[in-house]
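Asks: okay, predicted coordinates and the sequence, questions at the end:
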Amino acid sequence: MVSSEYERRIAARFATFDQDGNGYIDRLDFSAAAKAVLAEFGTAARSDKGQALYLGAEAFWQGMAGIADRDGDQRITRDEFVNSAVKRLRDNPDRFAEIARPFLRAVLDVADTDGDGRATIADTARVLKALGASDEAAQGAAAALDTDADGKVGEAEIVPAFARYFTVPE
Ligand code: CA
Ligand code: CA
Ligand code: CA
């Protein structure tokens, strides 16, 4: 049985990917996400971190398109997202983690202002807000990402959490 709660959660995930809100997910949404994170931290697109983030965003888009863009029109519609992406990612969360990992690693690098390989909870919340989360949701989600409670968010914490968030259980 498909619950309305399930559908609400799917809609929220779709909206997260559809950064420009035009009703489908495409490459521009991923580059918009990269741009928003760079702007939040004042990082130049031409910098090493900026380039890594755009490359990670492109790899993420290619991976998602490979899974979900069934008609090959370079757009993932809501229907493709629900019927391909969500089901396939749920069946294989590890694959999703690998698709997202270069992007997430690059995001952490941008948000890692002291170079220790992790981002503070406050800086992680800034990332989430840059990607469209509300202030309250961003604070809560950033704190929840710090599963070892050391006050910072690292790759080992963010990648599985991200995969869990998007592989919505029915
Ligand atoms: Ca879009
Ligand atoms: Ca398509
Ligand atoms: Ca931590």
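Replies: Nice, thanks for sending it over. Numbers count the residues shown, from 1 in each chain. Ligands and ions are numbered 1, 2, ... in the order given.

Asks: which helix of this structure spans the most residues?
Replies: helix 48-68 (DSSP state H).

Asks: CA atoms only: put that helix into CSV for me.
Replies: In CSV, the C-alpha atoms belonging to helix 48-68 read as follows (Å, rounded to 0.1, in the frame of the first residue of the first chain):
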residue,chain,number,x,y,z
ASP,A,48,40.4,23.7,-6.7
LYS,A,49,37.5,23.2,-4.3
GLY,A,50,35.1,24.9,-6.7
GLN,A,51,36.2,22.7,-9.7
ALA,A,52,36.0,19.6,-7.5
LEU,A,53,32.4,20.5,-6.5
TYR,A,54,31.3,21.1,-10.1
LEU,A,55,32.9,17.8,-11.2
GLY,A,56,31.2,16.0,-8.3
ALA,A,57,27.8,17.6,-9.2
GLU,A,58,28.3,16.5,-12.8
ALA,A,59,29.1,12.9,-11.8
PHE,A,60,26.1,12.9,-9.5
TRP,A,61,23.9,14.0,-12.3
GLN,A,62,25.3,11.4,-14.7
GLY,A,63,24.7,8.7,-12.1
MET,A,64,21.2,9.8,-11.5
ALA,A,65,20.4,10.1,-15.2
GLY,A,66,21.8,6.6,-15.7
ILE,A,67,19.4,5.3,-13.2
ALA,A,68,16.3,7.3,-13.8
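
Asks: got the buried residues for that helix?
Replies: 49-50, 52-54, 56-61, 63-65, 67-68 (16 or more other CB atoms under 10 Å). In short, each C-beta sits where N, CA and C put it, glycine included.

Asks: pull the distance from it to the chain's centre.
Replies: 10 Å (CA atoms, centre = their mean, to the nearest Å).

Asks: same check on stretch 5-16?
Replies: Taking mean C-alpha positions (CA atoms, centre = their mean), stretch 5-16 and its chain are 14 Å apart.

Asks: quick one: residues in contact with that stretch.
Replies: With contact meaning CB atoms under 8 Å, 6 or more residues apart in numbering, stretch 5-16 is reached by 21, 25, 78, 81-82, 86, 131-132, 165-166, 168, 170.

Asks: likewise stretch 36-47?
Replies: Defining contact as CB under 8 Å, 6+ apart, one finds that stretch 36-47 is touched by 19, 35, 49-51, 53-54, 107, 110-111, 113, 123, 126-127, 129-131.

Asks: show me what the lowest-mean-pLDDT helix or strand in the chain is packed up against.
Replies: Using mean pLDDT, DSSP states H and E, the weakest-scoring helix or strand in the chain turns out to be helix 87-91, at a mean of 79. Applying 3 or more CB pairs under 8 Å, 6 or more residues apart in numbering; DSSP states H and E, one finds that helix 87-91 contacts helix 48-68, helix 93-111.
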